[in-house]
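*Asks:* This is a predicted model, with the sequence first.
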Amino acid sequence: ARLQALDSALEQLVGQIRGHMKVLRREHLQRRKRRSDSDMAGITPELESHSRQGDKAAFMEQIKPILRSVRDHAHRELVIAQLEGHVAPGDLTVSDLLDEVIVRAWDRYRKNIYGQPLDRMLMMLLHEILDEYGSSRVASESLYQEIPRTDPRYRARIGWADDEEEVWGQADPLTLEEVLPDDEPSEATHGSRAEEQRRWILAQLGTFPRRERRAFTLHMLEGWDEDAIGAF
């Protein structure tokens with residue numbers, strides 16, 4: 001009876017901890033999203049001024065730091081594109097991808113055909129560039145079972161880093177608590193290390209159609225709300 005009572009109390013405690021961690025995670029995402037939105041709103045007048053004056057160099061320099069907010073998403077999407085076979089490992093780095101976003105942002109911002117807010121426009125360009133490397137596919141079974149864990153496709157190089165350029169840095173950790181905060185650990189991931197969880201999650205995400213995967217990650221990992229995702 002004592003063991004049963006202890007197990008019951010422990011189960012309740014674990015549930016409370018999970019619930020608390022979920023709330024903290026959501027609050028962290030919301031704070032990060034608000035900070036990103038504030039940063040983008042803060043530079044918008046200057047971007048508009050550079051655009052009107054045709055000052056491409058100043059525009060690119062101004063918008064570069066803002067792309068830190070899409071770095072992790074770019075890293076994940078690049079790895080998945082490698083797992084899908086659309087991008088060969090080493091052919092495209094995170095820095096290459098973000099540099100191309102900056103270049104295209106100049107032209108797209110000046111036209112701004114769809115009147116998209118800056119964050120949506122940058123994310124749209126990021127997806128546009130990656131999608132040019134291959135057509136959409138839908139996997140019928142887990143890529144994790146098909147690709148060895150040591151396969152280089154599970155990693156994406158960051159790219160340039162020297163005294164003259166800003167370093168994008170490594171992507172934030174990706175764990176099950178971030179993508180499935182309410183779930184019990186599965187047999188495939190129970191007791192696994194963070195790196196193993198990251199590979200498993202990326203492989204599972206690769207089995208979803210692109211639009212569904214991106215909607216899920218933008219919500220769970222980037223803090224976008226349903227309205228923003230629907231508009232996007």
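*Replies:* That came through, no problem.
*Asks:* Of all residues in the protein, which one is nearest the centre?
*Replies:* Among the residues of the chain, the smallest C-alpha distance to the mean C-alpha position (Cα atoms, centre = their mean) belongs to His73, namely 1.9 Å.
*Asks:* I figured it was touching Gly223, is that so?
*Replies:* No: His73 is beyond contact range of Gly223, at 11.1 Å (criterion: Cβ atoms under 8 Å). In this view, the C-beta of every residue, glycine as well, is placed from N, C-alpha and C.
*Asks:* before we move on, back to that, please list all residues in contact with the residue nearest to the centre of the chain.
*Replies:* His73 is in contact with 123, 126, 217-218, 221-222, counting by Cβ atoms under 8 Å, 6 or more residues apart in numbering.
*Asks:* repeat that for 10 Å
*Replies:* Contact analysis of His73 by Cβ atoms under 10 Å, 6 or more residues apart in numbering lists 122-123, 126-127, 171, 214, 217-218, 221-222.
*Asks:* for Ala41, same thing?
*Replies:* 117-119.
*Asks:* Quick one, which of those residues are buried?
*Replies:* The neighbour count (16 or more other Cβ atoms under 10 Å) marks 118-119 as buried among the contacts of Ala41.
*Asks:* of all the contacts of Ala41, which comes closest to Leu29?
*Replies:* Nearest to Leu29 out of these is Asp119 (Cβ to Cβ; 13.9 Å).
*Asks:* circling back: kindly indicate the member of the contacts of His73 with the most neighbours.
*Replies:* Compared across the contacts of His73, Leu122 has the highest neighbour count, 26 neighbours, by other Cβ atoms under 10 Å.
*Asks:* That'll do, ta.
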